[in-house]
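Chemist: missing the sequence, but the structure's below:
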């Protein structure tokens, strides 16, 4: 890192792949800094609508979580040479409590799509989560209405999703029983 008097903070790329300690060089400026196979990925700050959906999901999941389960926002997961930060992470009871969660402790991750993360949330992140053995993946898309896509891990990655939309409560059984109504999350 190079800091000059009166000049903006600048970072130099590492000599080799990016690693988790490199993430500590970045400011808490609303950007999401993640590493995918040693390459840096940066998502711009997200809008209030995105945050509203994340907080609604956290409230719904925490209200349904059995004792000992943890529902966390923006808790990082260490996946070998990748460090990802889902919007919501559900940890099993007796998880390690590490700063970067072990995939074995993760029961589910949730990504809320935005215009700047759509391909990342639909293609790359689910492939990495599935390869790490995370059993459940939820993806939330918003437009005129909110749509929840519920994925379950199969032998070759996530199976075709169950699609849930509307304001009527729908029961989802995993990672624990919870009733969801995506259109009420606005």
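Modeler: Structure received. Remember, predicted model here, so these are calculated numbers, not experimental data.

Chemist: CA only for contacts and neighbour counts going forward, please
Modeler: OK.

Chemist: buried ones in the helix ranked longest in the chain?
Modeler: Across the chain, the longest stretch assigned as helix under DSSP state H is helix 48-64. The neighbour-count check on helix 48-64 (16 or more other CA atoms under 10 Å) flags 50, 53-55, 57-58, 60-62 as buried.

Chemist: what's near enough to touch residue 128?
Modeler: If you count contacts by CA atoms under 8 Å, 6 or more residues apart in numbering, residue 128 has them with residue 79.

Chemist: ok, 10 Å please
Modeler: By CA atoms under 10 Å, 6 or more residues apart in numbering, the residues touching residue 128 are 36-37, 79, 82, 84, 134, 157.

Chemist: low-confidence ranges in the chain?
Modeler: Where the chain drops to pLDDT under 70, the residues are 1-10.

Chemist: if we can go back for a sec, okay if I get the buried residues of helix 48-64 as JSON lines plus distance to residue 116?
Modeler: Formatted as JSON lines, these follow (distance: CA to CA, whole Å):
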{"residue": "50", "distance to residue 116": "11"}
{"residue": "53", "distance to residue 116": "16"}
{"residue": "54", "distance to residue 116": "16"}
{"residue": "55", "distance to residue 116": "19"}
{"residue": "57", "distance to residue 116": "20"}
{"residue": "58", "distance to residue 116": "22"}
{"residue": "60", "distance to residue 116": "25"}
{"residue": "61", "distance to residue 116": "25"}
{"residue": "62", "distance to residue 116": "27"}
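
Chemist: now for the residues you listed, which pair is the farthest apart?
Modeler: 50 and 62 (18.4 Å; CA to CA).

Chemist: need the contact list for the nearest residue to residue 14 once chain neighbours are set aside.
Modeler: Leaving aside its chain neighbours, residue 14 sits nearest to residue 22 (8.0 Å; criterion: CA to CA, 6 or more residues apart in numbering). Residue 22 makes contact with 11, 13-14, 33, 35, 40, according to CA under 10 Å, 6+ apart.

Chemist: looking at those, which is nearest residue 185?
Modeler: Residue 185 lies nearest to residue 33 out of the contacts of residue 22, by CA to CA, at 26.2 Å.

Chemist: the closest one: how many residues sit nearby?
Modeler: Applying other CA atoms under 10 Å, we find 19 residues neighbouring residue 33.

Chemist: doesn't it lie inside a helix?
Modeler: No: assigned with DSSP: H, G, I helix; E, B strand; the rest coil, residue 33 falls outside any helix and is strand.
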